[in-house]
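Student: Compute the structure for the input listed below.
(one chain, ligands or ions: 2)
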Amino acid sequence: MKRLQLISIGELDGIVLEGLAVELANHFAIPCEVLPHTIDPSFAFHGERRQYHSSKILAELGQFVRPHTWRILGVTGTDLYIPILTFVFGEAQMGGPGSVVSYYRLRQEFYGLPGDGDLLRERLLKEAVHELGHTLDLTHCDDYRCAMSASHSVELIDLKENAFCSNCAERVLSMTQME
Ligand SMILES: [Zn+2]
Ligand SMILES: [Zn+2]
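Tutor: Ligands and ions are numbered 1, 2, ... in the order given. The predicted structure is shown next:
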């Protein structure tokens, strides 16, 4: 059976991939494994922006794709960007297989607030589900509660749920049945 693979991009600080793997396995009803590798993201670093180019990291994930890979999700604590945007919470290949998500701006500390581990894990799960939704060909959803709504701030992430609305869930189901 195909598996969802999680891989760390750089050292993770206070994030346990095994915990995320359990939640994502339940969410997508597919086995999930944490790869025993860490990708050093320094090749994607932009010296002036002091950020990491997420598209380059996505391309790098390709070398870990195996026949049993359903999707691969990179998790990083570095600040990600694509050239046209100030930052991104994550990026994914539409239709799969690669996706990456950053918790850099999901931490309360980033906004000068006291840390909140539960809130951080919940935000990370929502963004992971969101990026994996893109790998399942989902585009952004107008329902602000849906995991596929386009959230450009943590306030909007907090408003949405870690689940797909019924429309998006239906599309995921038809996509996974085709595979
Ligand atoms: Zn998106
Ligand atoms: Zn939706």
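
Student: Longest helix of this structure, counting residues only.
Tutor: helix 117-135 (DSSP state H).

Student: So it, near ligand 2 or not?
Tutor: No. Under the criterion of CB under 5 Å from the ion, helix 117-135 makes no contact with ligand 2; the nearest approach is 8.4 Å. Every C-beta, even on glycine, is put in place using the N, C-alpha and C of the backbone.

Student: what comes up buried for that helix?
Tutor: Buried residues in helix 117-135, counted by 16 or more other CB atoms under 10 Å: 119-135.

Student: show me the contacts for residue 134.
Tutor: Residue 134 makes contact with 92, 93, 94, 99, according to CB atoms under 8 Å, 6 or more residues apart in numbering.

Student: hmm, 7 Å instead?
Tutor: 92, 94, 99 (CB atoms under 7 Å, 6 or more residues apart in numbering).

Student: Quick one: the helices in the protein, in order.
Tutor: Under DSSP H, the chain gives helices at 17-28, 54-61, 117-135, 154-159, 166-178.

Student: Around ligand 2, which positions in this structure sit nearby?
Tutor: Near ligand 2, when you scan the chain using CB under 5 Å from the ion, you find 141, 143, 146, 148, 165, 168.
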